[in-house]
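Asks: Structure, please.
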Amino acid sequence: MSDKSSHWKKTPAANLVRYEPSGIYFARVRVGGKLIRQSLKTDVLSVAHLRLGDLVKAEREHLEARTEAGRGKLTFDQAVEIYRKQVVDHPKLKPSAKLYRQKSIDALVKTWPGPTSIEARKISEKVCQEWAAEFVTKYSSSVYNNTVGTLRQILAIAVSAGARYGNPALGIKKARITLKKLKLPEQAQFRKFVHKIERAGAWCSRDCADLVRFLAYGGFRKTEAANVTWADCDFAKGEITVRGDPVTGTKSGAIRTIPMISEMRSLLERLKAAATGVDPSANVMRVRECQRAMDKAAKAVGMARITHHDLRHLFATRCIESGVDIPTVSRWLGHKDGGALAMRVYGHLRDQHSIEMAKKVNFD
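Replies: As a prediction, this is how the structure comes out:
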């Protein structure tokens, strides 16, 4: 049996070791009596040196913040950094959730009134309410609610550390989330819309039009569509495997398959026939987004502006109008709630379809 300890090699630099099988450098440093071993995610020595310095600096700042908290003294920005580290170190959070929370922290810090170096004990309920009143006018309800939650958790750190009594952010009311009213194109209008994108004359116009078709025919999220490869397209079974981002995966964290509707099969067959020597690992789509092209085309054909995500709604709408039941559509979309969300968003379509079907029933 091989000695695994022999895989670790010292380097000329203090607190820096190299894992031989992968060549990756690791920090091995003691801060405040705590031994930290952490990958620096590089096999380049010069890069490892820089990242080691950043890591040591960050760990010392966290130690200082924890020390101040233990003494009952803690600033807002110190509480922010403690919370930020808790998010990074949380073992049960998916990478996508961690990224979203980091963005929420950044949005809070960016919009916080006054200096973030203020002591946590001096933050009043009035300051929190004033921040919330301004923030809610600039961001969506969901972003606002998540950022309010972030503020509460940050100030809870100050409370648990004994740096203040009570959480002044608990009195902030959450915003009511209203579902977006869908203004989707009819079939003829959609064809004109895609045609206008395709004939726009840019180097990527045809690719942009194909992306619009791909999103509308498959109900993908934008990031999911960008990562579908030819290996994911099973023409024999008539299915496409959705894996999402290589790092974060799909939004729900699970791989799923969706059927190739006839328009999707025609699109993929055309793209495959036009390609020379298709690499199974190559991405099907040649562009990742096309919002600018979509905006220009929508204006040109006189329809309401739609986004990449609206094309996902368009897919679901067409499926339901064609008679597909909502639980099935929900599975195709990758929802894990048994169709509850789809029912809230598309339930009226099912009712309309039911009324139209009822008109065909007669006893004459």
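Asks: buried sites along the host helix or strand of Ala300?
Replies: Using DSSP states H and E, Ala300 sits in helix 291-301. For helix 291-301, a neighbour-count test (16 or more other CB atoms under 10 Å) marks 293-294, 297-298, 301 as buried. All C-beta spots, glycine's among them, are computed from the backbone N, C-alpha and C.
Asks: list the helices and strands it packs on?
Replies: If contacts are counted by 3 or more CB pairs under 8 Å, 6 or more residues apart in numbering; DSSP states H and E, helix 291-301 sits against helix 187-198, helix 205-218.
Asks: which stretch among these comes nearest Tyr25?
Replies: helix 205-218 (39.1 Å; CB to CB).
Asks: highest average neighbour count across the helices and strands packed on helix 291-301?
Replies: Mean neighbours per residue, mean count of other CB atoms under 10 Å, is largest over these for helix 205-218, with a mean of 22.
Asks: and the helix holding Ala300 with helix 205-218, angle?
Replies: Counting by axes from the mean of the first three to the mean of the last three CA atoms, to 10 degrees, helix 291-301 lies at 90 degrees to helix 205-218.
Asks: Please shift the residue numbers so they start at 367 in all later answers.
Replies: Yep, numbering from 367; the last one is helix 657-667 now.
Asks: quick check: angle from helix 657-667 to helix 553-564?
Replies: Helix 657-667 runs at 120 degrees relative to helix 553-564, counting by the same axes, to 10 degrees.
Asks: Pull the distance from helix 657-667 to the chain's centre.
Replies: 25 Å (CA atoms, centre = their mean, to the nearest Å).
Asks: Out of the buried residues of helix 657-667, the closest to Ala535 would be?
Replies: Met660 (38.6 Å).
Asks: Next one: Ile624, what pLDDT does it get?
Replies: pLDDT for Ile624: 94.
Asks: Now do the buried residues in the helix or strand harbouring it.
Replies: With elements taken from DSSP H and E, the one containing Ile624 is strand 622-625. Residues 622, 624 are the ones in strand 622-625 that count as buried (16+ other CB under 10 Å).
Asks: Pairing partners for it, with directions?
Replies: Using DSSP bridges, strand 622-625 pairs in its sheet with strand 605-608 (antiparallel).
Asks: who's in contact with the partner strand?
Replies: When contacts are defined by CB atoms under 8 Å, 6 or more residues apart in numbering, strand 605-608 is touched by residues 584, 586, 590, 594, 598-600, 616, 621-626, 630, 700.
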